[in-house]
Every structure is written in C-alpha cells, then in structure tokens.
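Student: from the sequence below, what's the structure:
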Amino acid sequence: MAEQYVAAVDQGTNSTRCILFDRRGRLVSVAQREHKQYFPRPGWVEHDAAEIWRNVTRVVPAAVRQIGAAPSQIVAIGITNQRETSLLWDRRTGQPVGHAVVWQDTRTDRLITELAGDEGADRFVDLCGLPLTTYFSAPRLRWMLDHTPGLRARAEAGDVLFGTMESWLIWNFTGGPEGGLHATDVTNASRTMLMNIETLEWDDKLLDAFNVPRSVLPEIRPSSGVFGTATTVLPGVRIGAALGDQQAALFGQTCFSPGEAKCTYGTGSFLLLNTGKEIVRSTHGMLTTVAYQIGDQPAAYALEGSMAVTGSLVQWFRDGLGLIHTAAEIETLARTVDDNGGAYIVPAFSGLFAPHWRSEARGVIAGLTSYITKGHLARAVLEATGFQTLEVVDAMNADSGIALKALKVDGGMTANNLLMQFLADLLDVRVVRPMVTETVSLGAAYAAGLAVGYWPDLEGLRSNWHRAGQWLPDMDPDRRAMEYANWQAAVQRTFGWIRPEQQDGND
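Tutor: Now for the predicted structure:
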C-alpha cells in the first residue's frame with residue numbers, strides 16, 4: 001500500500017507553505033511562496049488575500065509533486081494561519097473587498113480609545129478574555145465597515161463575508177462562490193473579541209458593542225474535526241483541522257497537559273501555557289485564549305504572552321540598517337563582543353504587546369555611548385527577544401501560580417544558539433528544541449490527522465516528539481537581576497511616544 005501523508009497549509013505573515021508529514025510526524029516535503037507586504041501609511045500593514053490564495057494553489061501541488069506522490073495519498077488537510085489578520089470578501093464573486101488588514105496594523109488606535117471609554121482597556125475581558133488593543137480582529141472589522149463606502153449596507157444585506165485567513169482558505173478550498181463553507185475554528189474565533197470565551201459562540205453584547213452584523217460571521221467549529229471536502233487543489237481530500245498558528249505550535253509541541261508551555265520565535269514571538277479546562281483570568285497582562293478543541297470534547301484553554309517584534313527586529317537590522325547581509329550573520333556579529341556594552345533595544349515598532357499593552361509606545365535604543373559597536377547592537381537585538389520573553393514568563397508565573405520549569409521552543413530564531421543560551425540564562429530554566437522545528441505546520445497536521453483517524457490519540461502524537469537541542473542556565477543571579485533592571489528602565493522610556501493628536505489612522 002502506498003504511503004499516506006497529511007498536508008499542512010501554513011498561511012503566515014510573510015509567506016504561505018505546504019508541508020507534508022508522514023505517520024511518524026516527519027517532514028517529507030515543503031513548498032513555499034512569499035507574498036507582498038503593503039504599507040500604505042505609517043502603522044498600516046496589509047496583504048492581498050487573492051495573491052495568498054493563488055500561492056496556496058501553487059504550493060500544495062508543488063509539495064505533493066516533490067515526493068512523487070499522488071493526490072490520493074493525501075488523507076487530510078490541516079490549515080494554520082496568521083491570526084487576527086482580517087478580511088471581507090464578496091459572497092457572490094469571491095473577490096476580497098480591499099486588502100486584508102494584518103495583525104500588526106495599528107490604524108484602529110483611535111477607535112480603541114473610543115471603545116475603551118471610561119471603563120478602560122479591560123472593558124470586554126470578562127466576556128472574551130482579551131483587552132482592547134489594535135491587535136485583535138473586531139476593531140479592524142468595525143474600521144473596515146465604517147471606512148469603506150457602502151460596505152456596511154452590503155454586510156447587513158448578507159452580501160459580504162468576514163473571516164481571518166483560515167476562513168478565507170476553507171471557503172476557497174470548498175468551492176468559493178459555488179457553495180464554499182464559511183467557517184472558523186474556536187482558536188481563531190477566540191482572537192476576534194467577538195466570541196464568548198465560555199460558551200464558544202458569537203456574543204450578542206460584543207457584536208452590539210463593536211457594531212458588527214452577525215450575518216458576516218463564519219460558523220465556529222472545533223479545531224480538530226472534518227470541516228468539509230476540498231473541491232479544488234486537492235479535490236476529494238478532507239479538511240480536518242484549522243488552528244491559529246500559535247495554538248497549532250502548542251499542539252505540535254504536544255503540550256497537551258496543564259502547565260506545559262512553548263514559545264514560537266518568528267516574526268513575532270508567542271508563548272502559550274496550557275491551562276487545561278480552566279479559564280485563567282490574567283491580572284498581569286496575559287491573554288486568555290482557547291488552546292484547541294478536539295471534536296466534541298471540552299475546549300482546552302491557554303494563557304498567552306504575545307511579543308510583536310522579535311525575528312522582524314533581526315530583519316530590520318539586516319534590511320533597514322544594512323549591518324548584516326543574512327539573518328544568520330547576526331549571531332556571528334554578536335559573538336565579536338562579550339556583552340551588550342550597556343545598550344538595550346526595545347523594539348516597540350507598533351506599540352508594546354504583553355504584558356504592557358501600550359499601543360502608543362515606540363521603539364528606543366537606550367544606553368548608547370561612543371563605546372558601542374555594531375557587535376554590541378547585534379547582541380542587543382538578540383537580547384531584546386530574551387528580555388521580552390522574561391517579562392512574559394514572570395507575568396505568566398504570577399497568573400498561573402506555577403513556576404515554569406522548562407520551555408519548549410520552535411521557529412526560525414531557535415537556530416541561533418547564542419539566543420537560546422541567553423534565554424536559558426535569563427529564564428533560569430531548561431530550554432528545549434524539538435527535532436521537528438516546524439511545529440506550527442506539524443500541529444495543524446496532527447489535528448487534521450486525528451480528525452480522520454490517521455493518528456489514534458494524543459499519546460501517539462507524544463511518542464513522535466524528540467529532543468534535538470537543550471540549553472541549561474548558566475548566569476550569575478546578580479548579573480541577571482541587573483540586566484533585567486536595565487531593560488525595564490529602557491522599556492519605561494518607550495511609553496507615551498505617540499500622543500492622541502498623532503493618531504490619525506482613522507481620518
């Protein structure tokens with residue numbers, strides 16, 4: 001019998017990939033295409049959803065062809081996506097209404113202030129688990145409905161559909177204008193600010209507060225479960241899962257028990273702690289989110305700390321400043337010095353995410369002297385990711401009441417051994433990297449394979465997990481405390497940079 005595979009479609013911030021995995025959870029092929037980034041105004045970030053779908057139609061067949069497989073050897077498709085990126089499209093033509101507004105976009109600054117009113121950023125936390133910030137989907141949807149002429153009337157008439165990227169892909173996979181399925185999963189729905197975190201349904205109070213018509217919203221489904229059958233690209237193959245990318249990484253790292261945590265280091269970085277069936281309400285700037293839901297089982301929840309700028313800071317160092325030619329060179333440059341020389345970079349390019357949630361903050365380089373070289377700056381770039389992680393871990397420990405004992409890591413930045421050691425030193429815990437670092441795609445594949453019986457249960461998935469690297473803490477506690485205090489002083493200098501009169505994104 002021919003080998004069978006699960007296809008994971010990972011629709012990310014910078015590119016779209018299709019990765020095939022075999023029964024042992026091994027990556028057997030990968031195809032990838034980047035898409036264009038649009039920056040029409042300061043703070044605005046957009047994608048062309050039509051271009052992204054075209055890329056999907058190319059990378060999926062390419063991944064299958066790579067290993068000489070037939071489409072019939074693909075047993076399921078799992079979809080994972082950049083979360084919070086929001087778009088509207090015409091139900092009849094299938095054409096997007098303008099560009100998708102990306103999760104990094106800050107155009108809703110002023111709207112956030114208006115919605116917060118006297119109740120503040122936590123106005124809706126009890127209902128949806130999320131603070132009011134530019135990060136989430138509902139403010140973007142409201143902005144699009146308010147600022148595109150005639151769009152609200154079309155939405156209320158049922159002529160346009162809303163979704164995050166997995167909804168767009170599911171709809172197109174299953175027929176698009178010819179009967180496509182309009183659906184999302186609980187993890188992505190939990191990032192909109194429109195889903196009740198307890199009932200896992202769209203909440204009327206939230207819809208009213210954001211002035212969003214229910215008619216535009218997709219059906220909420222479990223993360224692992226058959227959504228439908230593809231009619232194009234891989235006709236006849238079942239779509240078995242959809243998860244937001246960070247929840248998919250948690251699943252791929254097999255963090256199925258309460259207290260297990262992972263951090264994915266990519267464009268931004270995201271640390272998730274599984275809290276099981278318990279909804280932990282954060283008082284320290286963490287997000288309460290759905291981790292995953294398997295079929296008709298109760299949902300698992302998580303605490304999340306989101307860092308907006310980590311890998312993208314290395315890209316800025318490379319492309320914006322031109323101090324390195326490739327991202328990998330930053331480790332070599334950073335190793336030319338023994339420490340940061342007293343320089344700290346706080347990359348609040350689009351505000352600060354967890355645990356601060358300060359959308360008006362902007363980045364600083366603090367502690368500059370004539371002693372500082374590009375080697376010190378390279379080290380400060382890497383250390384910024386470590387310090388941001390420590391802030392999140394401290395907050396998470398305080399919320400959960402359980403001190404983190406180990407951190408599973410994945411994503412492109414984990415290839416940087418200097419950064420991984422710095423993480424272990426700062427966090428004072430063991431940092432572990434798995435054999436398969438593409439855990440976002442692996443998690444989507446695992447969830448889809450479970451839905452169709454390709455893998456029998458969670459324990460079978462755990463047995464596929466193998467350690468590839470480990471870093472143990474080796475930093476003097478006094479030095480750790482001093483460095484962290486310096487970092488926190490630098491963070492304070494980012495606050496209040498953008499004043500209300502400068503928030504012109506809604507004009």
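Student: for Gly120, give me the pLDDT.
Tutor: For Gly120, the pLDDT comes out at 87.
Student: please, which helix or strand holds the closest residue to it other than its chain neighbours?
Tutor: Nearest residue to Gly120, sequence neighbours excluded (CB to CB, 6 or more residues apart in numbering): Leu132, at 7.9 Å. To be clear about C-beta, it is placed using only N, CA and C from the backbone, and glycine gets the same treatment. For Leu132, there is no host helix or strand (DSSP states H and E).
Student: nearest spatial neighbour of Trp89, skipping sequence neighbours?
Tutor: Going by CB to CB, 6+ apart, Trp89 has Pro96 as its nearest residue, at 4.7 Å.
Student: hey, what's Ala7 bridged with?
Tutor: Leu20, Ile77 (DSSP bridges).
Student: pretty sure it contacts Thr80?
Tutor: No: using CB atoms under 8 Å, Ala7 is not in contact with Thr80; the gap is 11.5 Å.
Student: so between those two, which is more surrounded?
Tutor: Just comparing Ala7 and Thr80: by other CB atoms under 10 Å the higher neighbour count belongs to Thr80, 37 against 32.
Student: and that one, helix, strand or coil?
Tutor: strand (DSSP: H, G, I helix; E, B strand; the rest coil).
Student: ok, now how distant is it from Tyr265?
Tutor: Using CB to CB, to the nearest Å, Thr80 is found at 16 Å from Tyr265.
Student: check His325 too.
Tutor: For His325, the distance to Tyr265 - CB to CB - is 21 Å.
Student: please say which of those two ends up with more neighbours.
Tutor: Neighbour tally, His325 and Tyr265, criterion other CB under 10 Å: the higher count belongs to Tyr265, 25 against 8.
Student: ok, now which ones touch that one?
Tutor: Contacts for Tyr265 (CB atoms under 8 Å, 6 or more residues apart in numbering) come out as 310-311, 385, 409-414, 419.
Student: just confirm Phe173 contacts Gly240, I think it does.
Tutor: No: look at Phe173 against Gly240 with CB under 8 Å: they stay out of range, at 11.7 Å.
Student: return every residue with contacts to both of those two.
Tutor: Common neighbours of Phe173 and Gly240 (CB under 8 Å, 6+ apart) are Ile77.
Student: now do the SS call for Leu206.
Tutor: helix.
Student: who's Thr288 bridged to?
Tutor: Counting by DSSP bridges, the residues bridging with Thr288 are Leu303.
Student: neighbours around it, how many?
Tutor: Using other CB under 10 Å, the number of residues around Thr288 comes to 21.
Student: that one against Gly129, yeah?
Tutor: Yes: the pair Thr288 / Gly129 is scored as a contact, 3.3 Å apart, by CB under 8 Å.
Student: give the residues shared as contacts by the two.
Tutor: 197, 279, 281.
Student: now, which of the residues you listed sits nearest Leu206?
Tutor: Among the shared contacts of Thr288 and Gly129, Ile197 lies closest to Leu206 (CB to CB), at 10.4 Å.
Student: distance check, the spatially closest residue to that closest one that is not a sequence neighbour against Glu360.
Tutor: Spatially, and ignoring its direct neighbours in sequence, Ile197 is nearest to Gly129 (4.2 Å; CB to CB, 6+ apart). Distance, Gly129 to Glu360, using CB to CB: 23 Å.
Student: tell me which of these two has more neighbours.
Tutor: Neighbour count, other CB under 10 Å: between Gly129 and Glu360, Gly129 has more, with 26 against 19.
Student: tell me the contacts of the more buried one?
Tutor: With CB under 8 Å, 6+ apart, Gly129 has these contacts: 190, 197, 279, 281, 287-289.
Student: sorry, back to before: show me how to select, in PyMOL, the buried members of the shared contacts of Thr288 and Gly129.
Tutor: With 16 or more other CB atoms under 10 Å as the criterion, this PyMOL line picks the buried residues out of the shared contacts of Thr288 and Gly129:
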select buried, resi 197+279
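Student: now render the shared contacts of Thr288 and Gly129 as a markdown table, adding secondary structure and distance to Gly252.
Tutor: Listed next are the shared contacts of Thr288 and Gly129 as a markdown table, based on DSSP: H, G, I helix; E, B strand; the rest coil; distance: CB to CB, whole Å:
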| residue | secondary structure | distance to Gly252 |
| --- | --- | --- |
| Ile197 | coil | 23 |
| Ile279 | coil | 23 |
| Arg281 | coil | 27 |
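Student: now the shared contacts of Thr288 and Gly129 as CSV including distance to Trp465 and pLDDT?
Tutor: Below are the shared contacts of Thr288 and Gly129 laid out as CSV (distance: CB to CB, whole Å; pLDDT from 0 to 100):
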residue, distance to Trp465, pLDDT
Ile197, 29, 95
Ile279, 27, 92
Arg281, 30, 88
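Student: picking up where we left off before, as a markdown table, the contacts of Tyr265 with pLDDT and neighbour count would be great.
Tutor: Output for the contacts of Tyr265, formatted as a markdown table (pLDDT from 0 to 100; neighbours: other CB atoms under 10 Å):
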| residue | pLDDT | neighbour count |
| --- | --- | --- |
| Thr310 | 94 | 27 |
| Gly311 | 92 | 22 |
| Thr385 | 96 | 26 |
| Val409 | 95 | 28 |
| Asp410 | 90 | 25 |
| Gly411 | 86 | 24 |
| Gly412 | 87 | 17 |
| Met413 | 92 | 24 |
| Thr414 | 93 | 24 |
| Leu419 | 97 | 27 |
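Student: which of the residues you listed fall in strands?
Tutor: Cross-referencing the contacts of Tyr265 against strands under DSSP state E gives 409-410.
Student: tell me the one of the contacts of Tyr265 nearest Thr254?
Tutor: Asp410 (11.6 Å).
Student: just the residues contacting stretch 152-164, thanks.
Tutor: For stretch 152-164, using CB under 8 Å, 6+ apart, the contacting residues are 81, 83-92, 97, 137, 141, 145-146, 151, 167, 171, 182, 184, 188, 191-192, 212-213, 215-218, 244.
Student: repeat the analysis, applying 6 Å as the threshold.
Tutor: Here stretch 152-164 makes contact (CB atoms under 6 Å, 6 or more residues apart in numbering) with 88-91, 97, 141, 145, 182, 188, 213, 215-218.
Student: highest neighbour count among the residues you listed?
Tutor: Most surrounded of the contacts of stretch 152-164: other CB under 10 Å gives Asn188, at 30 neighbours.
Student: quick check on that residue: phi, psi?
Tutor: Note on Asn188: its backbone torsions stand at phi -70, psi -40 [degrees, to the nearest 10].
Student: quick one: contacts for it?
Tutor: Counted by CB under 6 Å, 6+ apart, Asn188 has contacts 164, 166, 244.
Student: mind running it again at 8 Å?
Tutor: By CB under 8 Å, 6+ apart, Asn188 lies in contact with 81, 83, 164, 166-167, 242-244.
Student: how about the strands in the stretch 401-507 of the chain?
Tutor: Applying DSSP state E, counting those that start in this stretch to the stretch 401-507 of the chain gives strands spanning 406-410, 430-434, 467-471.
Student: make a markdown table from those and add distance to Pro258 to it.
Tutor: A markdown table is the format used below for those (distance: least, CB to CB, whole Å):
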| stretch | distance to Pro258 |
| --- | --- |
| strand 406-410 | 14 |
| strand 430-434 | 18 |
| strand 467-471 | 21 |
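Student: quick one: Met144 and Val101 touch, right?
Tutor: Yes: applying CB under 8 Å, one finds Met144 in contact with Val101, separated by 6.8 Å.
Student: any residues in contact with both of these two?
Tutor: With CB under 8 Å, 6+ apart as the test, Met144 and Val101 both reach Ser86.
Student: could you list every helix and strand in contact with the helix or strand hosting Thr57?
Tutor: In the assignment (DSSP H and E), Thr57 maps to helix 49-66. Judged by 3 or more CB pairs under 8 Å, 6 or more residues apart in numbering; DSSP states H and E, helix 49-66 is in contact with strand 5-11, strand 15-21, strand 27-34, helix 165-173.
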